[in-house]
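Enquirer: okay, predicted coordinates and the sequence, questions at the end:
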Amino acid sequence: MLGLYVLALGETGGRYESEILWIQWDDIDLEGGFLKISPRLRVALREHSLRYRAAKYDGQPSPWVFHHTTARRLHKAGKRIRSLYSAFKAAAERAKLPPEFVQHDLRHRRVTKWLADEKSAVLVREAVGHADLRTTMAYTHLAREHRHGRPRREDVGDYRAAGGGG
């Protein structure tokens, strides 16, 4: 479920982990596009749905997209996952991402990408829930940099020399 969670954070611009973890099956209409998602997330959600939507826990399906599939000491199968923070951190470490990389960076990536793709700043603001358009507009300098080039070779070299990347 961690892969789907990371993809959902990165593709929807979710504010924080709990916003994604509160999604219920009834919130999603893959055919009608009720939850605006990328084709990649749509495929991942469809596969996840086939595997878990009809699964029964104590005779009942779980209403939660992100739910525990087995019972353990601190949680019950079918109940909503409250946090994937530790799993996310461990995966980021295994991927050798910089230690300061956090889940919220995926939200920044999404906002910057939408603005770099010249999406309406007003629509981006609405999609990510910024109260003030100025917050969204603060990303425009990043979007301009994103449009005008790729990382410099020396930047990539420094990152790899420091133990990052692969």
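Expert: Structure received.
Enquirer: show me where the protein has strands.
Expert: Along the chain, counting by DSSP state E, strands occupy 56-57, 60-61.
Enquirer: which outside residues touch the first one?
Expert: With CB atoms under 8 Å, 6 or more residues apart in numbering as the test, strand 56-57 has contacts from His67, Lys76, Ala77, Gly78. Glycine gets a C-beta too; all of them are placed from N, C-alpha and C.
Enquirer: quick one: strands adjacent to it?
Expert: strand 60-61 (antiparallel) (DSSP bridges).
Enquirer: distance-wise, check Arg82 relative to Ile23.
Expert: 14 Å (CB to CB, to the nearest Å).
Enquirer: nearest residue to Arg110 other than its sequence neighbours?
Expert: In space, not counting the residues next to it along the chain, Arg110 is nearest to Gly13; the distance is 3.7 Å by CB to CB, 6 or more residues apart in numbering.
Enquirer: list the contacts for the one you found?
Expert: Arg107, Arg110, Val111, Trp114, Ala127, Val128.
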